[in-house]
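Novice: Got a predicted structure plus its sequence, pasted below:
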Number of protein chains: 2
Amino acid sequence: MNRRAFLARGAAVTGVAASAGLATGANAQELAGQPWERVYGTGFTGYGQPSRFEQPVMRHIGRPYGDLAPGSGASLVPIESLDGIITPSGLHNIRSHSGTPDIDPKQHQLLLHGLVARPLMFSMDALWRYPMTTRTYFLECSGNSNRALAPQPAQVPAGAMHGNIACSEWTGVPLRMLLEEAGLLPQAKWLLAEGADSAHMSRSIPLEKAMDDALIALYQNGERLRPEQGYPVRLLLPGWEGNMSVKWLRRIKATEGPTHTKDETSKYTDLQPDGRALQFTFEMGVKSVITKPSSTMKLPRNGFYEISGIAWSGAGRIRRVEVSADGGATWTDAALTGEERPKSLVRFRLPWEWTGKEAVLQSRATDEKGQVQPTRTAWRAQYSPGNIYHNHSIVSWSVGADGSVKNVYV
Amino acid sequence: MNRRAFLARGAAVTGVAASAGLATGANAQELAGQPWERVYGTGFTGYGQPSRFEQPVMRHIGRPYGDLAPGSGASLVPIESLDGIITPSGLHNIRSHSGTPDIDPKQHQLLLHGLVARPLMFSMDALWRYPMTTRTYFLECSGNSNRALAPQPAQVPAGAMHGNIACSEWTGVPLRMLLEEAGLLPQAKWLLAEGADSAHMSRSIPLEKAMDDALIALYQNGERLRPEQGYPVRLLLPGWEGNMSVKWLRRIKATEGPTHTKDETSKYTDLQPDGRALQFTFEMGVKSVITKPSSTMKLPRNGFYEISGIAWSGAGRIRRVEVSADGGATWTDAALTGEERPKSLVRFRLPWEWTGKEAVLQSRATDEKGQVQPTRTAWRAQYSPGNIYHNHSIVSWSVGADGSVKNVYV
């Protein structure tokens, strides 16, 4: 289970890649070509779209209230179909409480008020003049992977369980700069951030985070924010549970303490074994999931494959991802891409030879603080069985003798 | 002209940001809200799109043959409307010779043949099993900025002149791995790469590049390649002129020397002062352009602004970008984001106070090899006046007393 083995035994792959009768086929391919090589292609588009052959690659939509509230719920990333670190903006995860508002950026304003010396109102044009910064961060809903807490393991694609996570390049104005301009009063210790959706989704944020790495984000993967990610402006709290990065941001109010809004008392709290709810688990835990291969896929035959997946931690950088093919008995370090970026997705990769026998694939991430992703059993032992938030435990995929990949609890 | 000045004199910005009658306005905003805050928003989408208010942000399409050949030409990135490093895939630049083919990935194959021990044919499913790598690279057409060689400076947005450049996160199989599997014969020194468009666009590539950092790219910004960028598979030659990264890749043939295809003899050569055409300028020069503010924009009033733009070099990393506001008489170092990534776009930023007087903004990039972006005059002196490729000279924008930003030759 290592990279050299893949190259040294490349012949095993060759046997798969090369089709029968290649000598004849090669000449045929060179001379004839496919139908699309014989017709003039389509013209330019002002804004491009994926191929029609990729239409099955869509977000996994969860609407717990159905048509009663079609924009309340979550929409998850098809991580099983993606590769790399960046999530395409069209497939970014969504958590919304009252749908996506249709905001005119010429009319929208951001108010900064409360315990400040100078309340300020910003038009989007005014924000455009400020110094900006560009960084890559993940955004994970604290309810991600709650479907992996069901009594029986669901046989659905990886993204339908663990896809409430995405990663983008964000560009915006450091929140600290705007707060300094407004002049915080000494008694200001928290902020209230409120969205312009009809739910007025709002959360309380400790001032230290706001003064650290919080962004007033205007651009996502190079272009202006998508409506479902908060157009025209959102808060971005790197590494913290997703819904605190308030979308469609309309106001920030400096306060003495937390406001205890409906969105932080009725939801996003962790049920303890004694039945009490623990409030304000802000930082997302160290986590990883194998996306290739993953649940509902089928390996066509034995031989070499690449095991690949994503890892992240709200505490900073990922230092290590280990992969097991025997349900956690032995582990091998995977190669990492993007580990230099804190609070970003990291892609891990490890070549693997599937001999045709049953196997259980797992990944285990460690972050720069030394925190290690826990087993499902160890994670569950910390909470009441009813807890549905902040599940960052190890994910297990079994590979059957027929090559079918299934979700299992180990 | 520095970052500290912006913060120290933040009051100047405050005067702009804060609207009149804020005390009253603040309460009104808090209580009332905008129309979209009073209606339930729209439901989830499987694949998201930009806001309808961003529809003017489109590629700048150039079709030199008009309706006779609607897919032959180039489509340029609206760099003036973007920020960050990543180009959204929907706005990636396009250079195509016979339009975009509509390729079925189940039927498409990649042939590796010529001077190899074992010719190989790869289906897309076979490539999926190989070890991949993820890296961020720019792609610039060698004809980029040729519009800036017109006798009179065009008054068009920055992207319509300098937008034949984009930057994506690419994921794919190292070409070296496939070549090693096929077993190159000793006499193989070059490759021919050919596309599956009806033009069968093809280029010759020195073997050293193929064995260095060339990718067989399958994913762009996390998802499968867009059709206009080569779906389902393209070659990616980091830092080299864009059309060598052959799209819709159907075959790679190992050869003894360059093939001298129509696409490398009729085009992409540099006219020398003596009238001869220099072939095979592969590496793109060190370059930068200010995108904010830029041509056709208008600064609403004097005060602080952020000057921001993009820089890149085919030779590796960007080490430095300097900005001038006086037409090159004095220069100040800008802050850089992304300079750790070789052959990628880098974002540079510098706060600037516009006093209301006329100014000429320029940027000058230096790469890790010590190469410095030349002035327009110095660059032109190397070539025949008819040369239209590889223009990487300094770009100048004038700011008039009325705040209007214009393209000028300095």
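Specialist: Cool, the structure landed. Numbers count the residues shown, from 1 in each chain, chains lettered A, B, ... in the order given.

Novice: Against A:Val233, how distant is A:Arg38?
Specialist: 49 Å (C-beta to C-beta, to the nearest Å). For the C-beta atoms, the positions are set from N, CA and C on the backbone; glycine is no exception.

Novice: So which of those two has more stuff around it?
Specialist: Relative neighbour count places A:Val233 above the other of A:Arg38 and A:Val233, with 26 against 10, counting by other C-beta atoms under 10 Å in any protein chain shown.

Novice: Nearest residue to the more buried one in space, please, no chain neighbours.
Specialist: Spatial nearest neighbour of A:Val233, excluding adjacent residues (C-beta to C-beta, 6 or more residues apart in numbering or on different chains): A:Leu249 at 5.1 Å.

Novice: What distance do you get for the one you found to A:Ala217?
Specialist: Computed as C-beta to C-beta, the A:Leu249 to A:Ala217 distance reads 9 Å.

Novice: Give me the more crowded residue out of the two.
Specialist: Taking neighbours as other C-beta under 10 Å, A:Leu249 and A:Ala217 compare with A:Ala217 leading, 26 against 22.

Novice: Tell me if the more buried one really is in a strand.
Specialist: Yes - per DSSP: H, G, I helix; E, B strand; the rest coil, A:Ala217 lies within a strand segment.

Novice: List the beta-bridge partners for it.
Specialist: Assessed by DSSP bridges, A:Ala217 has beta-bridge partners A:Gly172, A:Arg234.

Novice: May I have the residues that are in contact with it?
Specialist: A:170-172, A:225, A:230, A:233-236 (C-beta atoms under 8 Å, 6 or more residues apart in numbering or on different chains).

Novice: In those, find the pair that's most separated.
Specialist: With C-beta to C-beta as the measure, no two of those lie farther apart than A:Thr171 and A:Leu235, at 14.0 Å.

Novice: what's the neighbour count on A:Trp248?
Specialist: Around A:Trp248 there are 28 residues (other C-beta under 10 Å).

Novice: Can you get me a residue count around the residue nearest to A:Val77 when sequence neighbours are not counted?
Specialist: Excluding its sequence neighbours, the residue lying closest to A:Val77 (C-beta to C-beta, 6+ apart) is A:Gly163, at 4.0 Å. Counted by other C-beta under 10 Å, the residues lying close to A:Gly163 total 29.

Novice: same check, this time on A:Tyr65
Specialist: Other residues within reach of A:Tyr65, judged by other C-beta under 10 Å, total 10.

Novice: separation between the closest residue to chain B within the stretch 51-200 of chain A and A:Met201?
Specialist: Per C-beta to the nearest C-beta, A:Gly99 is where the stretch 51-200 of chain A lies closest to chain B, at 2.7 Å. Look at A:Gly99 and A:Met201: by C-beta to C-beta, they are 11 Å apart.

Novice: Mind jotting down where the strands sit in the stretch 101-250 of chain A?
Specialist: Secondary structure of the stretch 101-250 of chain A (DSSP state E, counting those that start in this stretch): strands at A:109-114, A:120-123, A:133-140, A:165-174, A:190-195, A:202-206, A:215-220, A:223-224, A:234-236, A:249-255.

Novice: the inter-axis angle of the first one versus strand A:249-255?
Specialist: It refers to strand A:109-114. Using axes from the mean of the first three to the mean of the last three C-alpha atoms, to 10 degrees, the inter-axis angle of strand A:109-114 relative to strand A:249-255 is 10 degrees.

Novice: Which elements pack onto strand A:109-114?
Specialist: The contact analysis (3 or more C-beta pairs under 8 Å, 6 or more residues apart in numbering or on different chains; DSSP states H and E) places strand A:109-114 against strand A:120-123, helix A:175-182, strand A:249-255, helix B:22-31.

Novice: So what sits opposite the residue nearest to A:Val233 in the bridge?
Specialist: Note on A:Leu249: beta-bridge partners A:Gly195, judged by DSSP bridges.

Novice: right, and it touches A:Leu192 too?
Specialist: No - if you go by C-beta atoms under 8 Å, A:Leu249 and A:Leu192 don't touch, sitting 11.3 Å apart.

Novice: Just to check, A:Gly163 is in contact with A:His60?
Specialist: Yes - in this structure, A:Gly163 is within contact of A:His60 by C-beta under 8 Å, at 6.0 Å.

Novice: list residues touching both of those two?
Specialist: Counting by C-beta under 8 Å, 6+ apart, the residues touching both A:Gly163 and A:His60 are A:76-78.

Novice: got a winner among those for most neighbours?
Specialist: Neighbour counts for the shared contacts of A:Gly163 and A:His60 (other C-beta under 10 Å) peak at A:Val77, which has 28 neighbours.

Novice: give the contact list for that one.
Specialist: By C-beta under 8 Å, 6+ apart, A:Val77 lies in contact with A:59-60, A:87, A:91-93, A:159, A:163-166.
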